[in-house]
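Enquirer: Sequence and predicted structure below; questions after.
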Amino acid sequence: MARFIEMIDGRNQAVVKYFNVGANQTIKEGDALQIDAATGKVVVAAGGSTTLIGVANKDITTGGTVSSKDNIGVTLFKNSVFRFPYAGTTKTSLTEADLYTTKFDLGGKNSINLDDTTGGMCQVIAYDNTNKTADVVISTGLVF
């Protein structure tokens with residue numbers, strides 16, 4: 001589960017925007033989200049996404065048919081630092097050499113994959129190897 005840490009542009013509060021949720025979605029608070037290119041609706045993020053927008057502020061489950069009532073508040077990634085858990089099989093911890101320049105990929109909706117830097121978007125600015133978390137800035141995706 002990802003969580004908001006701070007803004008990097010000097011503001012004191014995270015930016016939250018409401019989005020309509022796509023059909024057949026099970027979203028949990030803290031899941032990374034993306035926009036589905038076919039529907040324009042929010043769906044759970046996948047590794048390698050180029051349409052990331054932010055992190056879900058609450059749980060929501062939708063059925064096969066959705067309406068405007070199926071919406072969710074999303075804390076936007078833009079100018080924000082988020083703390084994500086990380087995992088890796090080959091690379092199992094972070095080092096100072098990983099800070100700022102290495103961009104890791106999402107390992108799914110709520111973690112960072114330390115073994116994947118191809119097309120990565122999670123730029124690490126701090127880490128905690130004891131708790132296996134990284135504070136990241138998302139460097140690609142949709143900008144609002």
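Expert: Looks like it came in fine.

Enquirer: make it CA atoms for all contacts and neighbour counts henceforth
Expert: OK.

Enquirer: so L52 touches D31, yeah?
Expert: No: if you go by Cα atoms under 8 Å, L52 and D31 don't touch, sitting 11.2 Å apart.

Enquirer: so what sits against both of these two?
Expert: Counting by Cα atoms under 8 Å, 6 or more residues apart in numbering, the shared contacts of L52 and D31 are A45.

Enquirer: how about stretch 59-67: buried residues?
Expert: For stretch 59-67, the buried set under the neighbour-count rule, 16 or more other Cα atoms under 10 Å, comprises T62.

Enquirer: Phi first, then psi, for D98.
Expert: Dihedral pair for D98: phi -80, psi -20, per degrees, to the nearest 10.

Enquirer: Can you give me the pLDDT of it?
Expert: pLDDT for D98: 95.

Enquirer: Show me where the chain dips below the pLDDT cut-off.
Expert: Applying pLDDT under 70 to the chain flags the ranges 140-144.

Enquirer: can you pull out the strands in it?
Expert: Remark: strands assigned in the chain by DSSP state E are 3-7, 16-20, 26-27, 32-35, 42-44, 52-56, 60-61, 71-76, 80-87, 103-106, 112-113, 122-128, 133-138.

Enquirer: can you pull the contacts of the residue lying farthest from the centre of the chain?
Expert: In the chain, counting by Cα atoms, centre = their mean, T65 sits farthest out from the average C-alpha position, at 25.3 Å. When contacts are counted by Cα under 8 Å, 6+ apart, T65 touches A23, N24.
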